[in-house]
Every structure is written in C-alpha cells, then in structure tokens.
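1. got a structure for you, letters missing:
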C-alpha cells in the first residue's frame, strides 16, 4: 500500500476505508470484509456511534495492531481540555485499543484550543501517534498552527471532482498539513456516476468510474477513505494502483 509521510514522520496509507453512516449492527461485518480485501486504515468518529463495532472487527481479525492505522474524531460537545481527555479515553475503550494512530477534531467549533492542548499532551504521552483536524477552513487551520506547538498532521475536508479544493490543498502543502478527502464520491450527488467525462475515462482505462475518481485523488497525493457495503465494490476501490 502506498503511504504518505505526515509532518511528524508517521506513515499513513493513502487509501483507507470510511465507516460514516454505517449502522452499528452492520459495521462489524462490513469492516471484517474490508480487512479480508486488504484495507488496513479505518476512519471512524465518536459521532458515528460505531467505534465499538469497528473495535470488535479489529479484534476478531487477529491482524497485528502495528499493521493497522485507526482514526477517530472528537465531537463538538467534547471539545475542551478536560472533556477531550474523557472523550479520548472513551473512544479508546470502545475501540478496544491501547493507542490511536490519528485523532482529529471533528469540526472547528466549541473550545478548540482546550481540545488541542489536551490532544498535544496525549500525543506527547504516546497515546496518539498523530493529531489533526477535520473540516477546518484555512483561517482556522492557520490560527491553530501559529498558536500551538504541534502542527496538525491532517485536515480532512470534503474533496471530490465537484469540490476539488485546489487552493485549499496548496495552502496545506505550504504549511506541511496532509489533505484527506471525505466523501470522495460526493455521496452520489450531481449524477456523479453517470457523468459523461468520468464515464469516458472509465471506458478508456477499462476501469470502474469509482476507480477513476479514487485514482485521480491519489495522484494528487490526497488520502482517500471510500466506503462501500458491497464486497465487490470494496475490491474494485482497493485496486486503483495499476493504471
């Protein structure tokens, strides 16, 4: 698996698997299938209510912990120094893990500074390998960078062919922050899967339209976390490095 090197030296798979909107009762089965396909990076959040199911799948897989890259996120209500420490411990308990690979502030609201201070401490204690943010506009991201000791390693933002984030990505590159895409398929909006240009490219390369979208993103050095509940699509989304 191709990786990107984050600003603290940690290697992160450029292709992962997202579990947003997966129901807790179906998450375990779907994650186990994704692990069988070969996915090793998984993205969840406290707000998704499926951390426990992801944790059960990880445990059942018997895959060595050091081969996995697990991300979860701090929800708005828990942003604050003390609350963040408590929320982090709860996420870790639900996941059944001793440490996280990546912990993100989910959205730039509430006491972001208190949350970041707590995350910096957890990072320095070795309980998190890397810390970052999600959905931060450039001004909020820069504000966090210049007023804190640890620069966020990642900013996870909506990025796809209809929202390309070109200028935002350039800003992140200049400040050594890795861009990560959520909703790489735009949740199917704007008739993405019948788009004339994308359909033509899929035909040209004998690939699925989803493979074209993901390949375009990783060629821009953007981390992607597609989701699918169908194993055949999981497989197709995984094999995007051979064209």
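-> Received, thanks. Keep in mind that this is a model prediction, so the values were computed, not measured.
2. wait, what's in contact with the most centrally placed residue in the chain?
-> By C-alpha atoms, centre = their mean, the chain has its centre lying nearest to residue 43, at 4.7 Å. Each residue near residue 43 by C-beta atoms under 8 Å, 6 or more residues apart in numbering is listed here: 16-20, 71-72, 156, 182, 225. The C-beta positions use only the backbone N, C-alpha and C, and glycine is treated the same way.
3. Among these, which one has the most neighbours?
-> When those are compared by neighbour count (other C-beta atoms under 10 Å), residue 72 ends up highest, at 29 neighbours.
4. Might one say that that one is in contact with residue 50?
-> No. Using C-beta atoms under 8 Å, residue 72 is not in contact with residue 50; the gap is 10.1 Å.
5. how about the contacts of residue 43 in CSV, adding secondary structure, distance to residue 146 and pLDDT?
-> Below are the contacts of residue 43 laid out as CSV (DSSP: H, G, I helix; E, B strand; the rest coil; distance: C-beta to C-beta, whole Å; pLDDT from 0 to 100):
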residue, secondary structure, distance to residue 146, pLDDT
16, coil, 29, 98
17, strand, 34, 98
18, strand, 30, 98
19, coil, 33, 97
20, coil, 31, 97
71, strand, 25, 98
72, strand, 26, 98
156, strand, 21, 98
182, strand, 25, 97
225, coil, 28, 98
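6. Backbone dihedrals for the closest residue to residue 208 other than its chain neighbours, please?
-> Spatial nearest neighbour of residue 208, excluding adjacent residues (C-beta to C-beta, 6 or more residues apart in numbering): residue 236 at 5.1 Å. Dihedral pair for residue 236: phi -60, psi -40, per degrees, to the nearest 10.
7. got a pLDDT number for residue 236?
-> The score at residue 236 is 97. That number is its pLDDT.
8. Kindly report the same for residue 188.
-> Per-residue confidence (pLDDT) for residue 188: 86.
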